[in-house]
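> fold the following for me, if possible:
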Amino acid sequence: MSTRTFVLSVPSLDPIREAIASGDQQLVDALVEVTRLELEDEYGEEPDEDEQEEIDEQLEEARESLQKMILCETPPDKEPGEWNYLVTAMIDHLKLEKFWKYPINEDWKHYHIWDPYRAEVEEQISDDAQTLLQYLDEGRPLRGKSIEHDGCVFAWLSLAEVETLLAALEPVDPSRFSDEFFPDFHEQLLGTLRGISKRKHELFLKAHYSL
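The predicted structure follows:
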């Protein structure tokens, strides 16, 4: 298992931000039900005793995570990286328009590509663009001050930031890359930023364990 980068986009992440510390019990219950239905689909309608125990444990974990996110009195300073699962579930539940068929979603190992890529382009881009790449590498909270790294991470960029990063990266000279896989990643990142800019969306990046 390794942590893979995945990017999707939506018109605005504000509904997600507004849900944090909102005290919306109905939203918690609705998202737990979404999880229950997903588990039912995975395990079947008649799970055996061991499977039912696993289902109950996963449902309880989902409820606890949602309660910590939605029912907390104030947004936490450190937002758990595992919130990436809750954000995408909320995007679906709230029926936000989303798009995810971006070139960069080609199974890149998050912790193997972003930091060395940042080092490759550092001298060719502005400080502001370097900061935006740092967000995508190290994470960026929705309302808190930092990400609590728990094997997962997430980040976001506004439309204006997507366009700033795109403008900074387009003039980068691929011939200066030190390894053959950097040009592919660079072009896929550019294609992703162009697609998000064209849709006038905000970017949401998540990285979590996958086989």
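> show residues contacting the helix or strand bottoming out on mean pLDDT in the chain.
Every helix and strand of the chain was ranked by mean pLDDT, DSSP states H and E. The lowest is strand 202-210, at a mean of 87. The contact list for strand 202-210, computed with Cβ atoms under 8 Å, 6 or more residues apart in numbering, reads 1-13, 81-82, 84-85, 87-88, 91, 110-111, 136, 151-159, 161-162, 193, 196. In short, each C-beta sits where N, CA and C put it, glycine included.
> got it, and stretch 110-129?
2-5, 130, 133-134, 136-137, 153, 164-165, 168-169, 171-173, 176-179, 181-182, 185-186, 189, 207.
> pLDDT of it, averaged?
The average of the pLDDT scores along stretch 110-129 is 95.
> and it, what's buried?
Residues of stretch 110-129 classed as buried: 110, 113, 114, 117, 118, 120, 121, 125, 129 (neighbour count, 16 or more other Cβ atoms under 10 Å).
> max pairwise distance over these: which two?
110 and 125 (20.1 Å; Cβ to Cβ).
> got the phi and psi for residue 105?
phi -80, psi 60 (degrees, to the nearest 10).
> which element, helix or strand, includes the closest residue to it other than its chain neighbours?
Take residue 105 and drop its neighbours on the chain: the residue closest to it by Cβ to Cβ, 6 or more residues apart in numbering is residue 6, 5.4 Å away. In this assignment (DSSP states H and E), residue 6 forms part of strand 2-10.
> having no further points to raise, I will conclude here.
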